[in-house]
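Peer 1: Dropping a prediction and its sequence here:
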2 protein chains.
Amino acid sequence: MSGIILLPVLLPIAATDNSFKTAFDTNSNATFNNLDKLAMGNVHAGSSRLWAFLLANYWVSFVTFYVLWQAYKHVSDLRATARSSPAVRPEDYAVLVRDIPTDPQGQSKKEQVDSYFKALHPDSFCKSMVITDNKQANKIWEELEGYKKKLAHAEVVYAESKTTSKPEGTRPTNRIGFLGLIGAKVDTIDHCNEKINELATKLEIEQKEADKDKQQNAALVFFSNRPAAVSASQTLHAQMVDTWTVTEAPEPRQLIWENLTKKVYERQIRQYAVYGIVFLTVVFYMVPIAAVSAFTTLENLKRYLPFLKSVVDIKAVKTVLEAYLPQVALIVFLALLPALLMFLSKAEGIPSQGHVIRAASGKYFYFIVFNVFLGVTVGGTLYTSMKTIANKPKAAVNLLADSLPQNATFFVTYVALQFFVGYGLELSRLVPLIIFHLKKKFLCKTEAEVKAAWAPGDFGFATRVPKDMLIMLVVFCYSVISPIIIPFGVVYFGLGWLIARNQALDVYVPSFESYGRMWPHMHSRIVAALIIFQVLMFGYLGLKKFVYAPLMIPLIVISFVFSYACNSRFYRSFLNTPLEVAFKDTKEIPNLDSVCAAYIPPSLKPEKTENADHLEEGHTNVSKTETV
Amino acid sequence: MSGIILLPVLLPIAATDNSFKTAFDTNSNATFNNLDKLAMGNVHAGSSRLWAFLLANYWVSFVTFYVLWQAYKHVSDLRATARSSPAVRPEDYAVLVRDIPTDPQGQSKKEQVDSYFKALHPDSFCKSMVITDNKQANKIWEELEGYKKKLAHAEVVYAESKTTSKPEGTRPTNRIGFLGLIGAKVDTIDHCNEKINELATKLEIEQKEADKDKQQNAALVFFSNRPAAVSASQTLHAQMVDTWTVTEAPEPRQLIWENLTKKVYERQIRQYAVYGIVFLTVVFYMVPIAAVSAFTTLENLKRYLPFLKSVVDIKAVKTVLEAYLPQVALIVFLALLPALLMFLSKAEGIPSQGHVIRAASGKYFYFIVFNVFLGVTVGGTLYTSMKTIANKPKAAVNLLADSLPQNATFFVTYVALQFFVGYGLELSRLVPLIIFHLKKKFLCKTEAEVKAAWAPGDFGFATRVPKDMLIMLVVFCYSVISPIIIPFGVVYFGLGWLIARNQALDVYVPSFESYGRMWPHMHSRIVAALIIFQVLMFGYLGLKKFVYAPLMIPLIVISFVFSYACNSRFYRSFLNTPLEVAFKDTKEIPNLDSVCAAYIPPSLKPEKTENADHLEEGHTNVSKTETV
């Protein structure tokens, strides 16, 4: 949330009204002259003092290598420890099978999967669960759940209405037409009970039908032990590689059911289409914002919405609107961005929620580097420079290296703002608190509703990680030429560690667990930031006419080698579970029925209806006794 | 062999004396004008008849796609059938384990491997065989084998000397000093027997020592069934990915023993170093040839080797020498090339012979495309053009497209020469025949020696495949602008099919079997050739000022998509054995002792001494009865 509020402050507005950026630039240039004295700007071109900067680049890089290596090792060990714990996790015993070919003998998918895996894994195959088309069942189930909640709510309302003066109370009523505004008036409690019974029967029929007739070309296959599942998930099964794709199964709560049945070529086409769209989004996201900003000037508003005229003509309102109207467009568009990126990542056909978040996080990183880092540094000349850059890629480095020192203050302020305002909001959780109290006051009646309003959600890796990576990039890039940024970076990440730790342990509720699967993603982005830094420094030393600037080249080569070495040492054990890890501590034989049951979606769980009723009744009773 | 003879005819000689190329050019230009009338050269710039060429490009490409897809499918099926046959092949039951970490508990490698794999594969692990340092044993064994051969040879010589006039014969003698030229004279048969006994004892001691004290960080691990081995070879074993690298075991006869113990980082460094060297070789191979050619002119020869003067001054000799001296340098250097590329590929640390040949074949392909195709097309301007091209890559396409039609005749002649001379030599096997008869007459005495002289060797994929790929490239590139090349191409590949089939079935003895593993390699090179053709045609249509030339771009995109689709459908089943394939027809339980024994190198086989003796004796007896 904080990011959305802060981003407009940080983004170069390619809008008609870019007074903000200009104003900031004027300030920053003044401050910059002071900062510059502390740093590299006042070293003469060709001065031998540039050696110090060159050596500092090496120092920064090698310290980073050391820390990154240790961190990767540490995370890898943590992951191995967590994954080899004796706790029974359903995903450890399952593999996800996709692209099941059409069977020439007309077997059902279930029979086909069973016979195929029983033949190939005679000792360890346990059972299979074919993915079914649940759209209809989901719809009914959601409706059913809606009525259950409504019933609970109505019962509380009814109970509350039983005051001492009117002990029989008022039975709540509602209209059954569009949005509860039109149609016949009914007694809510009776109506809900009726609907629940009706839908429960319907759901049961639909569940049976889905199980029989709506089997899709994907399945989950369960094995009797962890090493067998791990081994199967990494082994090529079919001679035609586009059939029987076997991968590790995601956690049940991470599974994106509707993506499982997408075929291999469809997934690839979708992936490339999404990459194309993301590229266009990253490069041209500012264009619609500029267009909307241009449209929402005061004059245009007055012309198209004349009834606003009287309000707008008040001087105070006018001033405020003139200053903030373009920003509003920016805020709205930027607030939509994470959702758009999540949607796009999901559209790639990725089967697990964790993977979608990693993919969205990567996309957000590119966006933020291009639009914030490059946008601010090269500024308004970015779009005009792009053509030159395309023709002469070497010019890009020089252009960037040239603009870099001028924006030192801007980025120092950026980092400072992030921890003052960003962490402040994060730690106080002011906005969620206000929302919760409003909801509790006016909307929530049942215990479950209050709980849902209070739920802090999860960590928001998709936007949090790329923002931290941007700070990392900024701190790297200025670490040598304006080392004043380093204390700010230290405070940012130091406080970040404390705060994120607190939030992770005490506030947020993780919606899934990926066992450090995010780390390689962050690692490679930190290395990328380091390499960007080194290339820029190479360009900068060149601009300073330092004849030994080419000594930066070995450092860049070393960075690539480092990245490659880290990847070959650690990455594959994040991608695939090592047999070693799967094997450890597997003494007890798990209850495989409960393992399979974990993967059944709520809409298909047959016993769910009763269980849920019990639970719901329990809750309702409690809230009744409280409120009565 | 034929290639070495033909290549000088085909290579642009960047030597001082490049009269050859010039002479050829004069001829070709004359013929070209005739050919050109048949083809694209006389279509006016901007003519609407260029549509026909555009459509022909699409036609050629789509026919290629169809044929390639069918071929890939066919080869994939053949491979699956061959690999799933019930015959017991040792490599199907084994995996190769490299990068075994140092054991902290001080176990021997053998114990370490056994305990690790027994824990992770309790049901299927059978036994292991640690790779030992066999340098010493090999040396002794080779010496021993040498003496055995010498003994057999001497016995035949002795038997032959027993003529009717001198029934006791002459016992052969030799000197034991340097090259048999100096030192004490000994009776060969007695000396050999003595040495054999001595070395056999030494070998036995060395074998025991190697087995105990020279265990290395690699091993072969044997499993009790094929699916288990396949599954293990594809599963990540260790959390630290740079330890316990498990891969499919190569055939015993393909195993490159000395590469097995190279560590993972060493292999990677070697690989990149080799790539660097190959790049330099490809680009600058002509430079030393030019230098040597310049040095070996007649004048220089006369100056440095004055004793040749009288010979050289004979007019006939002089003419011949002047014409061919630079070519000799070229021939010598080019003859060394395949051996150099094989050496380099082996130096990468690849564990199997088949893989080394594929790697060398790839390198040879780059060499031949750069030096023959680009060399001839762009000709002498290649090196001078390179700087321009590096700065403006788009210029390269235009330059090539421009030079392409001028060389049509040259390449038609090239293809024709390849099948007239090349296939003629190949089919008649004239050179090997002469060599064999010379050897038989003067050197070979025993049956084994005659057999070794007659042995046709194997198919020579490392040079044969890239040469065919070059013809493929040439035929593609001229297929539309000079379609006269097509019949030549058809004859080349048609005859090639007949001849190679005959040679493969009746002449050559394959030294190993890779089950079609070469095909993906050839497939991707054919697709690369197709894409080069399309890019050049795009450039050519552009030069002809054809406004619809950009319509070639979708075709290029389709080619990339096709390549990607083929890869994702077929490639992985060449890289890893699919479980499906490994599972089929495995009814009988193999004799695992014989499976393991297949991997023991001859120098470490304990029973070898006796067996070999028996065999050798048998042979000797036969040859004795024949010769007596």
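Peer 2: Yep, that arrived.

Peer 1: where are the low-confidence patches of chain A?
Peer 2: A:1-43, A:177-181, A:183, A:289-290, A:292-298, A:301, A:322-327, A:378-396, A:585-589, A:606-628 (pLDDT under 70).

Peer 1: Spell out which parts of chain A neighbour chain B.
Peer 2: Contact residues (CB under 8 Å from any CB of the partner chain) of chain A with chain B: A:76-77, A:80, A:119-120, A:123, A:227, A:230-232, A:234-242, A:244, A:264-265, A:268, A:564-565, A:568-573, A:576-581, A:583. For every residue, glycine as well, the C-beta is placed using N, CA and C.

Peer 1: Of those residues, grab the buried ones for PyMOL.
Peer 2: Here is the PyMOL command that selects the buried residues among these (16 or more other CB atoms under 10 Å in any protein chain shown):
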select buried, chain A and resi 76+80+120+227+230+231+232+234+235+236+237+238+239+240+241+242+244+264+268+565+569+570+571+572+573+576+577+578+579+580+581+583
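
Peer 1: Now, the residues of chain A next to chain B that are in helices?
Peer 2: Mapping the residues of chain A next to chain B onto helices (DSSP state H) picks out A:76-77, A:80, A:119-120, A:227, A:230-232, A:234, A:264-265, A:268, A:564-565, A:572-573, A:579-581, A:583.

Peer 1: helices and strands around the helix or strand hosting residue A:364, which ones?
Peer 2: Following DSSP states H and E, one finds residue A:364 within helix A:353-368. When contacts are defined as 3 or more CB pairs under 8 Å, 6 or more residues apart in numbering or on different chains; DSSP states H and E, helix A:353-368 packs onto helix A:264-284, helix A:315-347, helix A:461-479, helix A:519-543.

Peer 1: Apply 10 Å and report the result again.
Peer 2: Helix A:353-368 is packed against helix A:2-10, helix A:264-284, helix A:315-347, helix A:461-479, helix A:519-543, with contacts defined by 3 or more CB pairs under 10 Å, 6 or more residues apart in numbering or on different chains; DSSP states H and E.

Peer 1: Helix or strand next in line after that helix, which one?
Peer 2: Remark: after helix A:353-368, the chain's next helix or strand is helix A:375-378, criterion DSSP H and E.

Peer 1: Show me what that following helix packs onto, helices and strands only.
Peer 2: Applying 3+ CB pairs under 10 Å, 6+ apart, we find helix A:375-378 packed against helix A:19-38, helix A:381-391, helix A:393-403, helix A:408-417, helix A:461-479.

Peer 1: and that helix, how far from the chain's centre?
Peer 2: Relative to its chain's centre, helix A:375-378 lies at 25 Å (CA atoms, centre = their mean, to the nearest Å).

Peer 1: Let me see the domain layout of chain A.
Peer 2: Taking automatic domain parsing as the criterion, chain A consists of the domains A:90-258+A:594-599, A:260-376.

Peer 1: how long is the first one from one end to the other?
Peer 2: Separation of the first and last residues of domain A:90-258+A:594-599 by CA to CA, to the nearest Å is 8 Å.

Peer 1: Tell me how far that domain lies from the chain's centre.
Peer 2: What separates the centre of domain A:90-258+A:594-599 from the centre of its chain is 24 Å, taken as CA atoms, centre = their mean.

Peer 1: just the shortest one next, same as before
Peer 2: Its chain's average C-alpha position is 16 Å from that of domain A:260-376, according to CA atoms, centre = their mean.

Peer 1: End to end on that domain, go ahead and measure it.
Peer 2: End-to-end span of domain A:260-376 (CA to CA): 41 Å.

Peer 1: so residue A:413 touches residue A:488, yeah?
Peer 2: Yes - between residue A:413 and residue A:488 there is a contact under CB atoms under 10 Å: 9.0 Å.

Peer 1: who's more crowded, those two?
Peer 2: residue A:488 (21 against 17; other CB atoms under 10 Å in any protein chain shown).

Peer 1: Contacts only, for that one.
Peer 2: For residue A:488, the contact set (CB atoms under 10 Å, 6 or more residues apart in numbering or on different chains) comprises A:411-416, A:418-419, A:471, A:474-475, A:478.

Peer 1: if we go to 6 Å?
Peer 2: Listed by CB atoms under 6 Å, 6 or more residues apart in numbering or on different chains, the contact set of residue A:488 reads A:412, A:415-416.

Peer 1: Drop anything exposed from those residues.
Peer 2: By 16+ other CB under 10 Å, the contacts of residue A:488 give A:412, A:415 as buried.

Peer 1: just curious, which of the contacts of residue A:488 is nearest to residue A:369?
Peer 2: Each of the contacts of residue A:488 was scored against residue A:369 by CB to CB, and residue A:415 proved nearest at 15.4 Å.

Peer 1: Which residues are in contact with the closest one?
Peer 2: Residues counted as contacts of residue A:415 (CB under 6 Å, 6+ apart) are A:471, A:488, A:492.

Peer 1: So what's the residue count around residue A:106?
Peer 2: 8.

Peer 1: Am I right that it is in a helix?
Peer 2: No - if the criterion is DSSP: H, G, I helix; E, B strand; the rest coil, then residue A:106 is coil and not within a helix.

Peer 1: Just want the phi and psi numbers for it.
Peer 2: Phi and psi for residue A:106, reported as degrees, to the nearest 10, are phi 70, psi 20.

Peer 1: what angle separates the helix holding residue A:364 from helix A:519-543?
Peer 2: For helix A:353-368 against helix A:519-543, the angle by axes from the mean of the first three to the mean of the last three CA atoms, to 10 degrees is 10 degrees.

Peer 1: Please identify which residue in the stretch 51-200 of chain A comes closest to chain B.
Peer 2: With CB to the nearest CB as the measure, residue A:80 is the residue of the stretch 51-200 of chain A nearest to chain B, at 4.7 Å.

Peer 1: Hmm, residue B:239 and that residue touching each other?
Peer 2: Yes - counting by CB atoms under 6 Å, residue A:80 does reach residue B:239; the two are 4.7 Å apart.

Peer 1: Can you tell me the closest non-neighbouring residue to residue A:531?
Peer 2: residue A:559 (5.1 Å; CB to CB, 6 or more residues apart in numbering or on different chains).

Peer 1: Could you tell me which residues within the host helix or strand of residue A:61 count as buried?
Peer 2: Assigned by DSSP H and E, residue A:61 belongs to helix A:50-83. Neighbour-count burial for helix A:50-83 flags A:50, A:53-54, A:56-57, A:60-61, A:64-65, A:68-69, A:72, A:75-76, A:79-80, A:83 (criterion: 16+ other CB under 10 Å).

Peer 1: before we move on, the earlier item: make TSV out of the contacts of residue A:415 and add distance to residue A:272.
Peer 2: Output for the contacts of residue A:415, formatted as TSV (distance: CB to CB, whole Å):
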residue	distance to residue A:272
A:471	31
A:488	40
A:492	36
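
Peer 1: ok, of those residues, which one's closest to chain B?
Peer 2: For the contacts of residue A:415, the nearest to chain B is residue A:471 (30.1 Å; CB to the nearest CB).

Peer 1: Now for that closest one: which residues touch it?
Peer 2: Residue A:471 is in contact with A:415, A:492, counting by CB under 6 Å, 6+ apart.

Peer 1: same thing but at 10 Å, please
Peer 2: A:411, A:414-415, A:418-419, A:485, A:488-489, A:492-493, A:496, A:529.

Peer 1: Buried members of those into ChimeraX, please.
Peer 2: A single ChimeraX command selects the buried members of these (16+ other CB under 10 Å):
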select /A:411,414,415,418,419,485,488,489,492,493,496,529
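
Peer 1: With respect to chain B, which of the contacts of residue A:471 is nearest?
Peer 2: Using CB to the nearest CB, the contacts of residue A:471 come closest to chain B at residue A:529, 24.0 Å.
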